[in-house]
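**Q** Below are the sequence and a predicted model; questions follow.
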Amino acid sequence: MSIYDILMSPLEKRILGDLRRSLIPRARGQVLEIGVGTGVNFPNYDWQKITAFTALDLQVDPAARHRAPALVRFLAGTAERLPFADGSLDTVVATLVFCTVPDLPTTLAEIRRVLKTDGSLLFIDHVLPEDKKMAALFRTANRVWPHLAHGCNLTRGIHREIAAAGFSIAPAGSAAHQIFRWGVARPLIIGSNPENDDAQAKGR
Ligand SMILES: C[S@@+](CC[C@H](N)C(=O)[O-])C[C@H]1O[C@@H](n2cnc3c(N)ncnc32)[C@H](O)[C@@H]1O
């Protein structure tokens, strides 16, 4: 087990494990996971639904290679510039990555570009809590946290930024006093009425 996995183990047991188990099996078809890290999501995929799988990170972690099924192709690269054609992927997965990418709007624009119109972005991340006292605490902690945690940012409104990047998010949910948000985000079809998002999602 890597140091990352050991440090994350209490959070995985209490919160993240359940979120991963319910969200990740939705991945299907041509899949890209960005910021794959140690490959912690690998045991949760329904591999029978997946035809191709690329695992992208700044550097490939040996722990991920060790965990990966044969289908997985590893790629060293950055989420802000995805080496895929427009509209070529069915699913993009990003868990605990949007808190860290240096340029979140560019990353989301890239994900929207590479997804098929009926594709999905599956995400889990921590965000700035809604509660004012907790938010103030997070803002204070964020003065030092990114320096200790590889650029991880505690103050992003990630679910809002995903919506602002042209996605509808349904289903969606939160955990641990809304510190964690998860969702299935689908590219909004230009000209569609966001009030019809549910119908748009159900129709797929
Ligand atoms: C906190 S770890 C999350 C690992 C794993 N996805 C999980 O759910 O536990 C963040 C990961 O995102 C990767 N990462 C950070 N910035 C990135 C970028 N711009 N492009 C691709 N991966 C990035 C890091 O290298 C790291 O593996």
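**A** Cool, got the structure. Numbering: from 1, shown residues only.

**Q** Not counting its own residues, what contacts stretch 158-178?
**A** 14-15, 18-19, 98-99, 104-105, 108-109, 111-112, 121, 123, 125-127, 129-131, 134, 180-188, 194, 197-198, 200-201 (Cβ atoms under 8 Å, 6 or more residues apart in numbering). Quick note: C-beta positions are derived from backbone N, CA and C, even for glycine.

**Q** hmm, it touching the ligand?
**A** No - Stretch 158-178 lies out of reach of the ligand by Cβ under 6 Å from any ligand atom, never closer than 13.0 Å.

**Q** Please state the offset of that stretch from the chain centre?
**A** Put simply, stretch 158-178 sits 11 Å off its chain's centre (Cα atoms, centre = their mean, to the nearest Å).

**Q** what's the neighbour count on Lys13?
**A** Using other Cβ atoms under 10 Å, Lys13 has 10 other residues around it.

**Q** Grab the CA positions of the longest strand seen in the chain and hand them over as CSV.
**A** For the chain, the strand with the greatest residue count under DSSP state E is strand 115-126. Written as CSV, here are the backbone C-alpha positions of strand 115-126 (Å, rounded to 0.1, in the frame of the first residue of the first chain):
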residue,chain,number,x,y,z
LEU,A,115,-16.7,13.9,-24.3
LYS,A,116,-19.3,12.7,-26.7
THR,A,117,-22.6,14.6,-26.5
ASP,A,118,-24.1,11.7,-24.6
GLY,A,119,-21.0,11.2,-22.5
SER,A,120,-20.6,11.7,-18.7
LEU,A,121,-18.1,13.2,-16.3
LEU,A,122,-18.1,11.3,-13.0
PHE,A,123,-16.6,13.4,-10.2
ILE,A,124,-16.0,13.3,-6.5
ASP,A,125,-14.2,16.2,-4.8
HIS,A,126,-14.1,18.3,-1.7
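
**Q** Quick one: mean pLDDT for the helix or strand that it is followed by?
**A** Sequence order places helix 132-141 as the next helix or strand after strand 115-126, per DSSP states H and E. Mean pLDDT, helix 132-141: 96.

**Q** Residues of this structure that sit close to the ligand?
**A** Within the chain, the positions near the ligand by Cβ under 6 Å from any ligand atom are 34-37, 40, 56-58, 78-80, 95-97, 100-101.

**Q** Now list the buried members of these.
**A** 34-37, 40, 56-57, 78-80, 95-97, 100-101 (16 or more other Cβ atoms under 10 Å).
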